[in-house]
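Participant: Fold the following.
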Amino acid sequence: MIEFKLPSLGSDMDQGKLLAWHVKPGDAIRSGQVVAVVDTSKAAVDVEIWNDGTVFELVVQPGETVPVGAVLATLLEPGETAEHARQMQRSNAAPPPAPAAPGIGVGPAAGAAPAGRRRVSPAARKHAEDAGIDLAGVTGTGPGGAVTLQDVEHAIHAAPPAPAPADRHREMRKSIAAAMSRSKREIPHYYLSETVPMRRAQEWLAAANARRPVTERLLMATLQLKAVALALQDYPDLNGFFRDGAHQGSMQAHVGVAIALRQGGLIAPALHDVAAKPLEQLMRELADLVRRARAGSLRSSEMSAPTITVTNLGEQGVEAVFGVIYPPQVALVGFGRIGERAWASGGGLYAMPVTTASLAADHRVSDGHRGALFLADLRERLQRPAEL
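Facilitator: Below is the predicted model:
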């Protein structure tokens, strides 16, 4: 039997609220399928499963809040039968209590449900599922404590209202603060920056977009993301995670994109394997990611996968950004606005569009020498935009 557990959707998440199931017992599922929706402090996230199997039991019901790592559901492995799973459950269950002595206590009423199971009318169960009510918290008033349709109705009206936007914003600020406090407390940051001339990139982008429909034009952010991912291939010590006292590198650059939410707050879901994708595909995926992040519709693989984060505050007009590493990642790259600056080259003085690229990196994994080489590599790649 396979246990499907609530995954961690970021270092600032310690629990989640199950909003809905997209599967039911008996459904065959495949690896990568979205099976549930979980609410974190930042967004409602579509949670994928990474096993093939058949749903056996939904352990957690919509409306319940459980810690990361809690079992949400159990699955039958390919070839496993439900009867075999039930036998395993019985064998793992605690032995029944010894029978009471004659004349002591009262036996169960006739027709009562077996120990550990609650009697719930079919109509009440369906109504509770539709309303996202946890039956474990509903008091039954029917015969033998059975839960009736009226009991579910009472629970619905007695349920606390959904969190107000202000409450969600407060919870998000607390989560961000907790993650960033942990980062500054545990990660020995070092910071570097590099001024990057952007004329060639701007000219190439303008020519490329002139041949495209308006809806398919590329943003400069796409070139920057691709350049970061390609540079990481030569500097893998800036990519991956620091866990259990060691760097765990990643073969692909899953780039977390820092996205400001309209209601306030920040989220950084991942674009997967950025180095392997053409710019056109990255642009489509970036636009889709931003749209879904602001609509509160992300996938668990986008929240848990980032191996590095890129933040771009150029649109906000700042010259440079020096970010805080998002644990357990080991680096963050920032880009400021593109603005003209006096530039000396070949004995002449020119007005050159430039941006400041910055790096925050973890001293437990890399040193300033490696970080400086990475930024120089990034700068040179942006001088050859046709190769991105």
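
Participant: Give me the longest strand you can find in this protein.
Facilitator: As far as residue count goes, and with DSSP state E defining each element, the longest strand of the chain is strand 348-362.

Participant: and the angle for the very next helix or strand once past that strand with strand 348-362?
Facilitator: Scanning forward in sequence from strand 348-362 by DSSP states H and E, the next helix or strand is helix 368-381. Counting by axes from the mean of the first three to the mean of the last three CA atoms, to 10 degrees, helix 368-381 points 130 degrees away from the direction of strand 348-362.

Participant: For helix 368-381, give me every contacting residue.
Facilitator: Counting by CB atoms under 8 Å, 6 or more residues apart in numbering, the neighbours of helix 368-381 from elsewhere in the structure are 190, 192-194, 196-197, 227-228, 230-232, 234-235, 237-238, 333, 357, 359, 361, 387-388. Just so you know, the C-beta spots here come from the backbone N, C-alpha and C atoms, and that holds for glycine as well.

Participant: buried ones in it?
Facilitator: Of the residues in helix 368-381, those scored as buried under the neighbour-count criterion (16 or more other CB atoms under 10 Å) are 370, 371, 374, 375, 377, 378, 379, 381.

Participant: circling back: quick one: which of the contacts of helix 368-381 sit in strands?
Facilitator: Under the assignment DSSP E, these contribute 190, 192, 193, 194, 196, 197, 333, 357, 359, 361 to strands.

Participant: In PyMOL, select just the buried ones from these.
Facilitator: Buried residues within those, as defined by 16+ other CB under 10 Å, are selected in PyMOL through the command that follows:
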select buried, resi 192+193+194+196+197+333+357+359+361
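
Participant: what's the most distant pair in the ones in strands among the contacts of helix 368-381?
Facilitator: By the measure CB to CB, the ones in strands among the contacts of helix 368-381 have their two most distant members at 190 and 197, which lie 24.5 Å apart.

Participant: now for stretch 213-223, what's the gap between its first and last residues?
Facilitator: Start and end residues of stretch 213-223 are separated by 18 Å (CA to CA, to the nearest Å).

Participant: All the strands of the stretch 51-200 of the chain, in order from the start?
Facilitator: Under the criterion DSSP state E, counting those that start in this stretch, the stretch 51-200 of the chain contains strands at 53-58, 65-67, 71-76, 189-197.

Participant: Of all these, which one comes closest to residue 13?
Facilitator: strand 65-67 (9.8 Å).

Participant: Which strands or helices does the closest one pack on?
Facilitator: The criterion is 3 or more CB pairs under 8 Å, 6 or more residues apart in numbering; DSSP states H and E, and the helices and strands that strand 65-67 contacts are strand 15-21.

Participant: Pull the distance from stretch 182-198 to the chain's centre.
Facilitator: Between the mean C-alpha location of stretch 182-198 and the chain-wide mean there is a distance of 23 Å, by CA atoms, centre = their mean, to the nearest Å.

Participant: Between its first and last residues, how far does that stretch reach?
Facilitator: Between the opening and closing residues of stretch 182-198 lies a distance of 35 Å (CA to CA).

Participant: now do stretch 28-44
Facilitator: In terms of CA to CA, the two terminal residues of stretch 28-44 are separated by 24 Å.

Participant: so which of the buried residues of helix 368-381 comes closest to residue 339?
Facilitator: Using CB to CB, residue 379 comes nearest to residue 339 of the buried residues of helix 368-381, at 16.4 Å.

Participant: Give me the neighbour count for residue 155.
Facilitator: The burial metric for residue 155, expressed as a neighbour count using other CB atoms under 10 Å, is 21.

Participant: is it true that it touches residue 140?
Facilitator: No - counting by CB atoms under 8 Å, residue 155 does not reach residue 140; the two are 10.6 Å apart.

Participant: Quick check: bridge partners of residue 242?
Facilitator: Here residue 242 sits in beta bridges with residue 247, going by DSSP bridges.

Participant: All further residue positions should be reported with the first residue as 131.
Facilitator: Sure thing, new numbering starts at 131, so read that last one as residue 372.

Participant: Give me the pLDDT for it.
Facilitator: Per-residue pLDDT puts residue 372 at 95.

Participant: same check, this time on the one 5 residues further on
Facilitator: On pLDDT, residue 377 comes in at 96.

Participant: What is the burial count for it?
Facilitator: Counted with other CB under 10 Å, residue 377 comes out at 18.

Participant: residues contacting it?
Facilitator: Applying CB under 8 Å, 6+ apart, one finds that residue 377 lies in contact with 367, 370, 371, 460, 494, 495.

Participant: got those residues as JSON lines, with neighbour count and distance to residue 389 columns?
Facilitator: Output for the contacts of residue 377, formatted as JSON lines (neighbours: other CB atoms under 10 Å; distance: CB to CB, whole Å):
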{"residue": "367", "neighbour count": "18", "distance to residue 389": "26"}
{"residue": "370", "neighbour count": "23", "distance to residue 389": "22"}
{"residue": "371", "neighbour count": "20", "distance to residue 389": "21"}
{"residue": "460", "neighbour count": "26", "distance to residue 389": "21"}
{"residue": "494", "neighbour count": "13", "distance to residue 389": "28"}
{"residue": "495", "neighbour count": "21", "distance to residue 389": "26"}
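
Participant: Residue 258: which of those residues is nearest?
Facilitator: In terms of CB to CB, no member of the contacts of residue 377 lies closer to residue 258 than residue 371, at 40.0 Å.

Participant: out of everything not next to it in sequence, what's closest to the closest one?
Facilitator: Of all residues not flanking residue 371 in the chain, residue 458 sits nearest, at 4.2 Å (CB to CB, 6 or more residues apart in numbering).

Participant: Now the one you found: phi and psi?
Facilitator: Backbone dihedrals for residue 458, given as degrees, to the nearest 10, come out at phi -90, psi 20.

Participant: Give me the number of neighbouring residues for residue 311.
Facilitator: 12.
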